[in-house]
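Peer 1: What follows is a predicted protein model with its sequence.
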Amino acid sequence: MANKETFADSLKMIPDALKWAERQDIKQLRDFFIEDAQKPLYCFASGGSYSAVDYAALLYEANKGMAKALTPLSLSSVSDDALKSSKILLTTSEGKGHDEKYVAKRAVKVNPENTCAIVRNGGDDNDVVKKLRKAGSKWLVYDWLTQAKSFIATIDTICKFGLFYRAFSGENEILDKLSVNLTPEHCFSYSPRVEGIIPKLKDIKNYIVLYNGWSRPVATDFESKMIESGIASVQLCDYRNWCHGRFIFLSKHMEDSALVLFLTPQEKQFVKDLIDGKSWRGKKADIFPCNTPIIKVGTEFDSPLASIDLLIKMYVLFNDVAKASGDEPCKPMNPYKIDKRFPKSTPFLGM
């Protein structure tokens, strides 16, 4: 199943993507994650798939393991000894890209018995599957929904988030637990911190994104979509680290910047004290100007479902930002006509 329409149209596919995840057989994938949980897990992916494996790493850590999401290039800095004592997860579609072929080649050479790939197409022309089959490694075929000819991954990502959620939680239902409401009013708010004039979305050039815990892979996905669409710059930082000086950028660029706050129940009191409330210095004025532009994307879940709920709401926010900028994310403007095919097709590490 494929969608060749706009990003706005892809939002309508979200329930279908979650239904797809509910129908999948996740036993083998769950076994891979749950068994030998004392072993560290390396999760590899590129581009729009990175946020999904970041979610898998987060889930693995929540289940008392240790995990790390990495890009394929980062694999070159991981020692053979580290890989031999770990589990390795990679995702791929057709298995033709230099990145996934490099990860598969290195993984099966060093640790074939603990390597698992999630692939969309497990046919004979999939080079990743060929390498895994020859080495006796594991690959699991999931024909997830996708968007044909879209420059950014969207529905693919929802499918993978749902797949990983079920694999770790053991739950079969997702949609019954979530309220999929795609109206902007339900998904996010954009307003001054207290009062005053704030930039229109089309005039914001810098989005400073604060996250924590379950919102981390969502923040990662927001950054990926914003940058790949060329809409505006994005800075990612967790709530505490932002307090150690990174707020100065906002102070110097208040006229064309906005704070994006991803909120689960864990962060709400902190945000109330730091941003919504008064300074801890007693009678001193508020820390931030009253007209600080703030976008809030929140969830009531304090569990792995929070990531999926926030991901859906973030997509609605992203759609509004894209509309305000006059761009179509599925086919972004490319004024200098950089060949979109060539950078990705450049040989990887001499392969």
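Peer 2: Right, received. Where do you want to start? Residues are numbered from 1 along each chain as shown.
Peer 1: Skipping its backbone neighbours, what lies nearest the spatially most central residue of the chain in space?
Peer 2: By Cα atoms, centre = their mean, the mean C-alpha position of the chain lies nearest to residue 51, the distance being 2.7 Å. Spatially, and ignoring its direct neighbours in sequence, residue 51 is nearest to residue 221 (3.7 Å; Cβ to Cβ, 6 or more residues apart in numbering). Glycine gets a C-beta too; all of them are placed from N, C-alpha and C.
Peer 1: you'd agree the one you found is up against residue 314?
Peer 2: Yes: Residue 221 is within contact range of residue 314, at 6.8 Å (criterion: Cβ atoms under 8 Å).
Peer 1: Those two: who's more crowded?
Peer 2: Per other Cβ atoms under 10 Å, whichever of residue 221 and residue 314 has more neighbours is residue 221, with 27 against 22.
Peer 1: residues touching that one, list them.
Peer 2: Residues near residue 221 by Cβ atoms under 8 Å, 6 or more residues apart in numbering: 48, 51, 157, 311, 314.
Peer 1: Just the strands from this structure, written as ranges.
Peer 2: Using DSSP state E, the strands of the chain run over 41-44, 67-70, 87-92, 115-119, 138-141, 189-192, 206-211, 233-238, 257-263, 293-298.
Peer 1: Mean pLDDT, distance to residue 248 and mean neighbour count for those - can I get that in JSON lines?
Peer 2: JSON lines is the format used below for the strands of the chain (pLDDT from 0 to 100; distance: least, Cβ to Cβ, whole Å; neighbours: other Cβ atoms under 10 Å):
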{"stretch": "strand 41-44", "mean pLDDT": "98", "distance to residue 248": "33", "mean neighbour count": "26"}
{"stretch": "strand 67-70", "mean pLDDT": "98", "distance to residue 248": "29", "mean neighbour count": "21"}
{"stretch": "strand 87-92", "mean pLDDT": "97", "distance to residue 248": "37", "mean neighbour count": "27"}
{"stretch": "strand 115-119", "mean pLDDT": "98", "distance to residue 248": "41", "mean neighbour count": "25"}
{"stretch": "strand 138-141", "mean pLDDT": "97", "distance to residue 248": "46", "mean neighbour count": "18"}
{"stretch": "strand 189-192", "mean pLDDT": "97", "distance to residue 248": "20", "mean neighbour count": "15"}
{"stretch": "strand 206-211", "mean pLDDT": "98", "distance to residue 248": "11", "mean neighbour count": "23"}
{"stretch": "strand 233-238", "mean pLDDT": "98", "distance to residue 248": "12", "mean neighbour count": "16"}
{"stretch": "strand 257-263", "mean pLDDT": "98", "distance to residue 248": "12", "mean neighbour count": "24"}
{"stretch": "strand 293-298", "mean pLDDT": "98", "distance to residue 248": "16", "mean neighbour count": "22"}
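Peer 1: now those strands in JSON lines, with distance to residue 324?
Peer 2: Output for these, formatted as JSON lines (distance: least, Cβ to Cβ, whole Å):
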{"stretch": "strand 41-44", "distance to residue 324": "34"}
{"stretch": "strand 67-70", "distance to residue 324": "30"}
{"stretch": "strand 87-92", "distance to residue 324": "32"}
{"stretch": "strand 115-119", "distance to residue 324": "35"}
{"stretch": "strand 138-141", "distance to residue 324": "39"}
{"stretch": "strand 189-192", "distance to residue 324": "10"}
{"stretch": "strand 206-211", "distance to residue 324": "12"}
{"stretch": "strand 233-238", "distance to residue 324": "15"}
{"stretch": "strand 257-263", "distance to residue 324": "12"}
{"stretch": "strand 293-298", "distance to residue 324": "12"}
